[in-house]
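Trainee: Here's my sequence, what's the structure:
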Amino acid sequence: MIRFENDYTEGCHNRILNRLMETNEEQTPGYGTDEHCEKAREYIRQACDAPEADVHFLVGGTQTNTTIIASVLRPHQGVVSADTGHIAGHETGAIEATGHKVLILPSNDGKISAEQVKEVYEAHWNDATHEHIVQPGMIYISHPTENGTTYSRAELESLSKVCRECGLPLMLDGARMGYGLAAKDSDLSLADLARLCDVFYIGGTKVGALFGEAVVITNDALKKDFRYMIKQRGGLMAKGRLLGIQFETLFEDGLYYDISHHAVELAMMIREAFVKRGYSLRYDSTTNQQFPILPNDVLLELGKKYSFSLWEKIDSTYSVVRFCTSWATKREHVERLLEDIKTI
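Mentor: Numbering: from 1, shown residues only. Take a look at the predicted model:
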């Protein structure tokens, strides 16, 4: 069985594994105060062109989302997200468990617009009973989105402008950020994200690391006591150097970008094969996630050799599925899939 259902089926890039082995018996201080974490922070600050940014390392995406959001919001506030946002549908109520409501906005492609943010902000403050309603306290987006779509620089600039006018911190979930930056139609860089967002994170778990996410805080108002929040949420890892070594390896010479481009290149081959065969795509994704709409009998046939995710049912005969490539996807496996797509 060749697996395409997600981008975390393998362990980690061999260079990271080798580096972890090489440094295994080093003695270092704990909790991210070691030399490897500091080198990784500097590499990330350089990549973001943000020398004053605070950089923190956590283990996984849900932990990172809950820690950031809980640190930003007051007790009476909620976080605004697309209805397809990861925090809204795939984190088992983790945000609500911290005492904060997820305020959802409708989205056809996974993105939310500056206009929507302005509307939800004004609707709250124009309501005469707003003290009885959860107050929008921050905006959550992801790049790429759950549907593989990406924000353009112009879209993010508009969104950032409205957020700052309304006093709403803008958070960007970057669990798959590498694949978003590697998309051929993407005009965003890490420096753009650092300039336009108040806080974001660079995903490692799905982009070559064994585990780990790197939080980048550029808004000075959000920096204070963040390590306290990490500890309170169970995220201050005693062997913090294990996170630092991984991000040090990913960012010291561009490995993060190289492996992201690899995944996107193979995903585009899969996309093209389905389109040439006459199948439609549910979302216009140019990242590592592709969402073809396929007859159920075709899915049964492909399912004999390949694993993929059922996304949604269109009707009794058609379904949307997700094929996902990763940093570790083998070209020969994709080529085998392409041959089978031609004949189904």
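Trainee: max-length helix in this structure?
Mentor: If you go by DSSP state H, the chain has its longest helix at helix 255-276.
Trainee: Who are the packing partners of that helix?
Mentor: In terms of contacts (3 or more CB pairs under 8 Å, 6 or more residues apart in numbering; DSSP states H and E), helix 255-276 is packed against helix 177-182, strand 289-290, strand 318-324, helix 331-343. Bear in mind the C-beta positions are built from the backbone N, C-alpha and C, glycine included.
Trainee: change it to 6 Å
Mentor: helix 177-182, strand 289-290, helix 331-343 (3 or more CB pairs under 6 Å, 6 or more residues apart in numbering; DSSP states H and E).
Trainee: what does the shortest one rub up against?
Mentor: Okay, so that is strand 289-290. Contact with strand 289-290 is made by G148, A267, I270, R271, R322, F323, C324, as judged by CB atoms under 6 Å, 6 or more residues apart in numbering.
Trainee: before we move on, back to that, just how off-centre is the longest helix of the chain within its chain?
Mentor: Here helix 255-276 is found 17 Å from its chain centre; the criterion is CA atoms, centre = their mean, to the nearest Å.
Trainee: Let me know the average pLDDT across it.
Mentor: Computed over helix 255-276, the mean pLDDT rounds to 98.
Trainee: Any chance you could list what contacts it?
Mentor: Applying CB under 6 Å, 6+ apart, the contact partners of helix 255-276 are 178-179, 182, 208, 250, 288, 290, 292, 323, 325-327, 329, 334, 338, 341.
Trainee: switch the cut-off to 7 Å
Mentor: Helix 255-276 has contacts (CB atoms under 7 Å, 6 or more residues apart in numbering) with 13, 15, 178-179, 181-183, 207-208, 249-250, 281, 287-288, 290, 292, 323, 325-327, 329, 331, 334, 337-338, 341.
Trainee: Check which residues of that helix are buried.
Mentor: Buried residues in helix 255-276, counted by 16 or more other CB atoms under 10 Å: 255-257, 259-271, 273-274.
Trainee: One more: stretch 192-199?
Mentor: Quick answer for stretch 192-199 (16+ other CB under 10 Å): D192, L193, A194, L196, C197, D198, V199.
Trainee: Among those residues, name the ones in helices.
Mentor: Counting by DSSP H, the part of the buried residues of stretch 192-199 found in helices is D192, L193, A194, L196.
Trainee: could these go into CSV alongside distance to S307 and pLDDT?
Mentor: As requested, these are exported to CSV (distance: CB to CB, whole Å; pLDDT from 0 to 100):
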residue, distance to S307, pLDDT
D192, 35, 98
L193, 32, 98
A194, 36, 98
L196, 37, 98
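Trainee: Now flag whichever of those residues is closest to C37.
Mentor: C37 has its nearest neighbour among those in A194, at 18.9 Å by CB to CB.
Trainee: ok, how many other residues are close to the nearest residue to H143 once chain neighbours are set aside?
Mentor: In space, and not counting its chain neighbours, H143 is closest to G180: 4.6 Å by CB to CB, 6 or more residues apart in numbering. By other CB atoms under 10 Å, the residues close to G180 number 27.
Trainee: just the strands in the chain please.
Mentor: Under the criterion DSSP state E, strands of the chain are mapped to 2-3, 54-58, 77-82, 102-105, 135-142, 170-173, 199-203, 213-217, 289-290, 293-295, 306-307, 309-313, 318-324.
Trainee: export the longest one as PDB, just CAs?
Mentor: It stands for strand 135-142. Output in PDB follows, covering the C-alpha atoms of strand 135-142 (Å, rounded to 0.1, in the frame of the first residue of the first chain):
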ATOM      1  CA  GLN A 135     -16.200  39.600  22.000                       C
ATOM      2  CA  PRO A 136     -14.000  39.000  18.900                       C
ATOM      3  CA  GLY A 137     -10.500  39.100  20.300                       C
ATOM      4  CA  MET A 138      -8.200  37.900  17.500                       C
ATOM      5  CA  ILE A 139      -8.200  36.500  14.000                       C
ATOM      6  CA  TYR A 140      -7.000  33.000  13.100                       C
ATOM      7  CA  ILE A 141      -6.000  32.000   9.600                       C
ATOM      8  CA  SER A 142      -3.900  29.300   8.100                       C
END
